[in-house]
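Chemist: With the input below, show me the fold.
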Amino acid sequence: MPKPRKAQVSLEATPYYHCVSRCVRRAFLCGVDAHTGKSFEHRRQWIIDRIKELADIFAIDSCAYSVMSNHYHVILHVDVEQAAEWSEQEVIDRWERLFSLPVIVQCYLSMEIVSSAERDVVSELVVKWRKRLHDISWFMRCINEPIARQANQEDGCTGRYWEGRYKSQALLDEKALAACMAYVDLNPVRAGMAETPEQSECTSIAVRAEKLKPGHEPAEQGSTPRGLLPFVGNPRNDMPKGLPFHLQDYLELVDWTGRAILEHKPGHIPANQPPILQRLQIDPEHWLYMTQHFESRFKGLVGASCKLKAACRKLKYRRTPNLGVALRYFS
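Modeler: Next up, the predicted model:
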C-alpha cells in the first residue's frame, strides 16, 4: 500500500526530492501520436515555463528536469530557511500570484480591517500559505492542475489527465543526488530521442550546456539558467546555496555516462572515468547501473545505508526499505 506523502518527506533528512508525473492511459503530454499523427511537442514548453514560474514563487528550486512524451521528471530542492525569512506581505504577494486572495485578505491589504479577530484570521492564513510555499505536493499540484486543464481544453475532452499520485524519491546524499540528476538528464538519450545530452530537447542539461557556449558567462559565475539551482562546487565551509558539484565535472560525468549507455555493451566501462566518481567513491559499474535503472530499482528513500537508517528513524518507519540496495550501490 502506498505511503502518504507526509511519511515520505523529511526535510530534516534531505531537501532534495525526485518527482515524476505520468499521464493516464494513452494521454499524450508531448511527442507525436502514432495513431492520429497529431503533434503535442509544444506542450513540452508548457511544463518548462511552469517550472520556471513556480521556482520564482515557491521556496523550492529545480535542480534538473526532463520532459518526455507521456511523463516528466523534476528534481526539487526545498529551501525552508528562505520561506521562513519572507515577510507577511511577501507571503501574501507570492500566494496571490498562484490563487485569488480571500476577501478578508483583500480588506486587510486595503487597510479596511480593524478588529483583532479579523487580523488573527489573516495571520493564520499567512502561516498556512508560508508552509504550502515550501511543500513539494503543492509545487507539483501547481504544475499539474493548469497543464491538465490546458491539455483537456486543447483536446476537447474532460476527465483525469494525470495519474492520481506523482512519484517521489528522497535523495539522501550526494551520491543519490548525482545519480538521479544524471538519470533525469539522460532520459532522452536512453529513449533514443537524442544522441548526446546537449542535443536533447527540454532537459536541464541542454539548457546548462547552452550557457557554456561562446558569448555566455560560465554558469558558476552567476549566469545559471532561470529556474535552475546553480552548481557551487564541492562541499566546504561557508558553502553557498547550490548543488555540491562543479558544473564542468557534472557535464563531463553525464557525457561519459551517456556514451557508455549508448554503446550497449554489457560490462564495458570506458577507460576515461571522470574524477567526480572517485570523489563520490562510486564504482563505475554501479554508477552505470544506477543511471539506467534509478527510478525502477530504488523506491522512496535513496542514499547510503547510514543516511537511510537515519531518515527512517525520523519518519518512524518500522523497517528500513532499500537497505540491501543501499549497501550494494551506495556504500
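Chemist: okay, which residue is most central for this structure?
Modeler: When the chain is reduced to its mean C-alpha position, the closest residue under Cα atoms, centre = their mean turns out to be residue 75, at 1.8 Å.
Chemist: Quick one: mean pLDDT for whatever helix or strand it lives in?
Modeler: Per DSSP states H and E, residue 75 falls inside strand 71-78. Per-residue pLDDT over strand 71-78 has a mean of 96.
Chemist: Run the chain-centre distance for it.
Modeler: Averaging C-alpha positions (Cα atoms, centre = their mean, to the nearest Å) puts strand 71-78 2 Å from its chain's average.
Chemist: remind me which residues of the stretch 151-300 of the chain are low pLDDT?
Modeler: For the stretch 151-300 of the chain, residues meeting the criterion pLDDT under 70 lie at 214-223, 262-271.
Chemist: mind redoing it with 80?
Modeler: Applying pLDDT under 80 to the predicted model, the residue ranges of the stretch 151-300 of the chain that meet it are 164, 195-196, 201, 211-223, 260-273.
Chemist: For it, which segments count as helices?
Modeler: Listed in chain order, the helices found in the stretch 151-300 of the chain under DSSP state H, counting those that start in this stretch are 174-185, 187-190, 204-210, 247-262, 275-280, 284-297.
Chemist: can I get these in CSV with mean neighbour count and distance to residue 136?
Modeler: From N, CA and C alone the C-beta is placed, and that goes for glycine too. As requested, these are exported to CSV (neighbours: other Cβ atoms under 10 Å; distance: least, Cβ to Cβ, whole Å):
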stretch, mean neighbour count, distance to residue 136
helix 174-185, 25, 14
helix 187-190, 21, 20
helix 204-210, 21, 17
helix 247-262, 20, 23
helix 275-280, 15, 25
helix 284-297, 17, 17
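Chemist: can you give me the strands in the stretch 51-200 of the chain?
Modeler: Taking DSSP state E, counting those that start in this stretch as the test, the strands found in the stretch 51-200 of the chain are 60-67, 71-78, 167-171.
Chemist: Can you check what pLDDT the model gives residue 120?
Modeler: According to the per-residue confidence, residue 120 scores 91 in pLDDT.
Chemist: Let the chain start at 709 from now.
Modeler: Yep, numbering from 709; the last one is residue 828 now.
Chemist: That one - how many residues pack around it?
Modeler: 10 (other Cβ atoms under 10 Å).
Chemist: Also residue 868?
Modeler: By other Cβ under 10 Å, the burial measure for residue 868, its neighbour count, is 12.
Chemist: what does residue 864 give?
Modeler: Residue 864, neighbours per other Cβ under 10 Å, totals 6.
Chemist: And the one 5 residues further on, by the same measure?
Modeler: As a burial measure, residue 869 scores 21 neighbours (other Cβ under 10 Å).
Chemist: can you tell me how far it sits from residue 816?
Modeler: When Cβ to Cβ, to the nearest Å is applied, the distance between residue 869 and residue 816 equals 36 Å.
Chemist: Next: residue 1001.
Modeler: As judged by Cβ to Cβ, residue 1001 and residue 816 stand 52 Å apart.
Chemist: Check residue 988 too.
Modeler: Taken as Cβ to Cβ, the span from residue 988 to residue 816 is 50 Å.
Chemist: residues touching residue 768, list them.
Modeler: Residues touching residue 768, when contacts are defined by Cβ atoms under 8 Å, 6 or more residues apart in numbering, comprise 762, 784, 785, 786, 787, 842, 844, 847.
Chemist: Which one of those residues is nearest to residue 1021?
Modeler: Here the nearest of those to residue 1021, counting by Cβ to Cβ, is residue 786; it sits at 19.8 Å.
Chemist: With adjacent residues omitted, what lies nearest to that closest one?
Modeler: Of all residues beyond its chain neighbours, the one nearest residue 786 is residue 723 (4.6 Å), with distances taken as Cβ to Cβ, 6 or more residues apart in numbering.
Chemist: Do I have it right that the one you found meets residue 790?
Modeler: No - at 10.7 Å, residue 723 does not count as touching residue 790 under the criterion of Cβ atoms under 8 Å.
Chemist: Could you dump the strands of the stretch 759-908 of the chain into TSV and include distance to residue 932?
Modeler: Listed next are these as TSV, based on distance: least, Cβ to Cβ, whole Å:
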stretch	distance to residue 932
strand 768-775	10
strand 779-786	13
strand 875-879	20
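Chemist: Among those strands, which comes closest to residue 805?
Modeler: Each of the strands of the stretch 759-908 of the chain was scored for nearness to residue 805 using Cβ to Cβ, and the closest is strand 768-775 (14.1 Å).
Chemist: So what's the gap between the closest one and the chain middle?
Modeler: With Cα atoms, centre = their mean as the basis, strand 768-775 stands 4 Å off its chain's centre.
Chemist: How far off centre is stretch 776-789?
Modeler: On Cα atoms, centre = their mean, the centre of stretch 776-789 falls 2 Å from the chain's centre.
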